[in-house]
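Enquirer: Sequence first, predicted model second:
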Amino acid sequence: MVDALILVAAVLAGLAFLLALLRFLLGPGPADRVVAFDGLTIVSVTGIVLAALFADRVIYLDVALVYALLSFLGVIVVARYLERRP
Amino acid sequence: MTLVTLAIATGFALVLIGLLGALTDRNILRMIVAFTIANTGVNLVLIGVGMLPGRTAPILDEAVSVAQAAARIVDPVPQALVLTAIVIGLGVTALMLAYALRLHQTRHSLDIRTFTELKW
Amino acid sequence: MIRTFFVVLLLLGLGAVFAGLMVGYTPDAELNATARYYADNTAADTGAANIVTAIIVTYRGLDTLGEVTVLFLTAAIVALVLAAGREKDPASRIAPPPAGELLTTGSRLLAPLILLLGVYVFANGHLTPGGGFQGGAILASAVLLLLLTDPLRHFGHRLISVVESLSGFIYVLIGVAGVVLAGGFLDNRILPLGDFGALLSAGAIPVIYTLIGLKVGAEFASMLVSLSETEEPR
Amino acid sequence: MSKARHTIALFATLFVFWVLLNGTLAPDTLVIGVLVALAIALLFPNSLSALDDLAPLPRVAGAVVRFLAYFIIQLVKANVALAYVVLAPSLPINPGIVKVRTKLKSPVGRLLLANAITLTPGTLSVQLEDEFLYVHWVTVDSDDIEAATASIVAGFEKELEVIYG
Amino acid sequence: MGTLLDLLGGLLLVAGTTFLLLGGLGLVRMPDVYNRIQAGTKATTLGTLLTLAGAACLQPGWTIKLGLIGLFLLFTNPLSSQVLARAAHRGGLHPAGVTKVDRLAEDNPRELGPKELGEPS
Amino acid sequence: MTLVTTVMGLLLALASVGAAVVAIRVRSLPVAILAAGLVSLLAAVLFVLLAAPDVAMTEAAIGSGLTTFLFFFVLGRVRGGGDHD
């Protein structure tokens, strides 16, 4: 039962990942792609947590921690670039 | 298709895509971008080769005791190699970008076709 | 174009080689002899729970010293290459758009936590994933966050280079101490191995990794700072 | 606020985070935690911590609980509303950027307010300038400053004013 | 007791990932950058928090670490969205056609720039 | 649960190859850099699936902020000379 629920969760997360990826591939502008990038990294945090559950290793969560705290830096870097007037 | 072959195939694909970009693009910055992609691909291949299916990370804790380590962990050596390779990769990227910046400061162009001094 | 044609031809050949490598590939079922040695003996030899860390810091410690040196040279060359384009007077630099209050407050709030996370990552390198290289990168990320918020912020070159050279010096000193007190260069058994799994265990590994972390962090930070001090065009 | 109090607040935050990260109370962990937190608190005096500007404790505790409860309700509401918007075939939206007023002075309080607004139904903080907060609103009811303030900001500001007096 | 907690954890995981899916749908369906940011931030934040709570129910020993991840996300996620929204606005990207009011552009006329960011690339 | 991990790996593999193609094909340079950053972040998740958390953490710490910043910084300095192909 619980395994089935986790399976459903993984499938849903996968679909969310695909939708965000679709937005990244479609664009149309840089800002849209950055939003999609943000979404992808957050879904990836969920992916890492699920991987930790499957592998039953608590140490994988450290990676999720670093990932959660630093992936937003990438977004801020791009945002700071985009806001400079040409 | 197992996870290991999948990872190795992805790594090779990234290497090829990266090399294609690095060899066909004229803009130096784009060549560096393509280079970093190829770099990631090589790392992926190495980790994929070190992975043994069904095993877990080479870190011992409550989940993996010392006694059962040899039967349950993946090969740690490629991981150690790739770890340093990634860090050096950043150093190499920074160096390439610094040179690109200098080239642009002196020649006001990033097109590889304008740099012909060392061409033969 | 003829050039593109040759490139594609070359890559097709390379792809064929890769495909040939892939076709017959089956992953091993057992560890090879080297990995097996590491799996069986790391805990007893070094007291480290993270075998990757043990390989990087002790078994292949000399290589890591080389890596760190390469990184140092890279940072130095980046600074040298960019030195010609540096402004003499920081006040004359063109001001980029201000960061806005939200980002300023957010980075003042998050930067110390990112620094703390970096220290956690390299101090626990022998227990959890992570170590000096990751921790150093995280420290540099905190510096990057501060630089993004305030591009004109003046970072002390002196502090960065003092941290960098001091940690490098102590690192080599510990390596030599390993020759004198224990089995060889960078042997971690100059300090007691302690309880397996505690923060202060695995001999000198946490100390060495902390030094590597500080050194790598300072090197990346000096790269970022020397880049950000180059001249804005026009 | 005095400099010493600021440093102590920062130190305490960092130390708590260190203990949570390590997940143990072993003496060596605590000693190293004290050293690390102290070093960071002293080397980066420009930093802020969530404990800065905090009002005296007994008054705050209730307000924090009420703030969190209100916030969680709003977050769930936001998602239900978003689900409705996203799943409806016609995308019933009427977006715009409105201006609202905030009376908060403490930087941390203002950041928390902006973050909370971003996570609540249909609103996204865009810029914070002096006493004005520019908010992107998916369904603009009214572009009058006071009316928008009443419907977007008031609920959070009431509690945050108590917390960061 | 254990099985009940496990069941709760599984249900929370499914609920969380459902919100992630809604966020992804919002990213694809919304008409302009600002609305996409809205959809992205809210749904992914709540979705990730619920997923973390579900994982905490399945593995009670991991609660502290999962809580820390949630806490960091609660700060970084809206912050990056706000910075991005501000950058998009300063970069000269205006809210999509259905929008009626834009107080920020009215107050800062100098920020009306070319529509560089919105153009297809 | 090996099937689920494999499917997750497949998704990540597809996404990273897609992002790599975007990176070398798209006309706008900022998007190319962003796509390269995405490749390295997705590779980090793949490393977790491949039981290499150390490597994953390195890739996440370096690929997310530092590399992207270096590229965007240089791009900001060479604006104008960056894109004429």
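Expert: That came through fine. Numbering: from 1, shown residues only, chains lettered A, B, ... in the order given.
Enquirer: quick one: low-confidence parts of chain F?
Expert: F:1, F:79-85 (pLDDT under 70).
Enquirer: before we move on, which element is the closest residue to chain D within it in?
Expert: When scored by C-beta to the nearest C-beta, chain F has F:M57 as its residue closest to chain D, at 14.0 Å. C-beta here means a position set from N, CA and C on the backbone, and glycine is covered the same way. If you go by DSSP states H and E, F:M57 is part of helix F:53-61.
Enquirer: packing partners for that helix?
Expert: helix A:60-82, helix B:28-50, helix B:76-107, helix C:132-149, helix F:29-49 (3 or more C-beta pairs under 8 Å, 6 or more residues apart in numbering or on different chains; DSSP states H and E).
Enquirer: Run the angle between it and helix C:132-149 for me.
Expert: Put simply, helix F:53-61 runs at 20 degrees to helix C:132-149, going by axes from the mean of the first three to the mean of the last three C-alpha atoms, to 10 degrees.
Enquirer: What's the first helix or strand after helix F:53-61?
Expert: Downstream of helix F:53-61 (by DSSP H and E), the next one is helix F:67-77.
Enquirer: if you look at that following helix, does any of it touch chain A?
Expert: Yes - Helix F:67-77 reaches chain A (C-beta under 8 Å from any C-beta of the partner chain) through F:T68, F:F69, F:F72, F:L75, F:G76.
Enquirer: And chain B, is that helix touching that?
Expert: Yes - using C-beta under 8 Å from any C-beta, helix F:67-77 reaches chain B at F:T67, F:L70, F:F71, F:V74, F:L75, F:R77.
Enquirer: hmm, that helix in reach of chain E?
Expert: No - with C-beta under 8 Å from any C-beta as the criterion, chain E is not reached by helix F:67-77; the gap is at least 12.1 Å.
Enquirer: Smallest gap between chain A and chain F, at which residue?
Expert: A:L73 (3.6 Å).
Enquirer: For that residue, which non-adjacent residue is spatially closest?
Expert: Using C-beta to C-beta, 6 or more residues apart in numbering or on different chains and skipping residues adjacent in sequence, the residue nearest A:L73 is F:G65, 3.6 Å away.
Enquirer: Count the residues that sit near that neighbour.
Expert: Residue neighbour count, defined by other C-beta atoms under 10 Å in any protein chain shown, stands at 29 for F:G65.
Enquirer: shouldn't it be in contact with A:L69?
Expert: No - with contact defined as C-beta atoms under 8 Å, F:G65 and A:L69 do not form a contacting pair (9.9 Å).
Enquirer: Check which helix or strand D:V126 maps to.
Expert: strand D:123-129.
Enquirer: Now that strand: average pLDDT?
Expert: For strand D:123-129, mean pLDDT is 79.
Enquirer: Check stretch A:72-83 too.
Expert: For stretch A:72-83, mean pLDDT is 84.
Enquirer: Please enumerate residues in contact with that stretch?
Expert: A:30-31, A:34, A:37-38, A:41, C:97, C:99, C:103, C:141, C:144-145, C:148, E:76-77, E:79-80, E:83-84, E:86-88, E:90-91, E:117, F:30, F:34, F:37, F:41, F:64-65, F:68-69, F:72, F:75-76 (C-beta atoms under 8 Å, 6 or more residues apart in numbering or on different chains).
Enquirer: Tell me how far F:V45 lies from F:L10.
Expert: Per C-beta to C-beta, to the nearest Å, F:V45 is found 12 Å from F:L10.
Enquirer: residues of stretch C:37-52 that come out buried?
Expert: C:38-39, C:41-43, C:45-52 (16 or more other C-beta atoms under 10 Å in any protein chain shown).
Enquirer: Is it in proximity to chain F?
Expert: Yes - using C-beta under 8 Å from any C-beta, stretch C:37-52 reaches chain F at C:N50, C:V52.
Enquirer: can I get the CA coordinates of that stretch in PDB?
Expert: What follows is stretch C:37-52, C-alpha atoms only, in PDB (Å, rounded to 0.1, in the frame of the first residue of the first chain):
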ATOM      1  CA  TYR C  37      41.000  -3.300  -0.100                       C
ATOM      2  CA  TYR C  38      39.600   0.100   0.600                       C
ATOM      3  CA  ALA C  39      36.200  -1.300   1.600                       C
ATOM      4  CA  ASP C  40      37.700  -3.800   4.000                       C
ATOM      5  CA  ASN C  41      40.500  -1.800   5.600                       C
ATOM      6  CA  THR C  42      39.500   1.900   5.500                       C
ATOM      7  CA  ALA C  43      37.700   1.900   8.800                       C
ATOM      8  CA  ALA C  44      40.600   0.200  10.600                       C
ATOM      9  CA  ASP C  45      43.300   2.100   8.800                       C
ATOM     10  CA  THR C  46      42.000   5.600   9.100                       C
ATOM     11  CA  GLY C  47      38.900   5.600  11.200                       C
ATOM     12  CA  ALA C  48      36.900   7.500   8.500                       C
ATOM     13  CA  ALA C  49      33.400   6.400   7.700                       C
ATOM     14  CA  ASN C  50      33.400   8.100   4.300                       C
ATOM     15  CA  ILE C  51      35.700   5.900   2.100                       C
ATOM     16  CA  VAL C  52      35.900   8.600  -0.600                       C
END
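Enquirer: Tell me how far that stretch lies from the chain's centre.
Expert: 22 Å (C-alpha atoms, centre = their mean, to the nearest Å).
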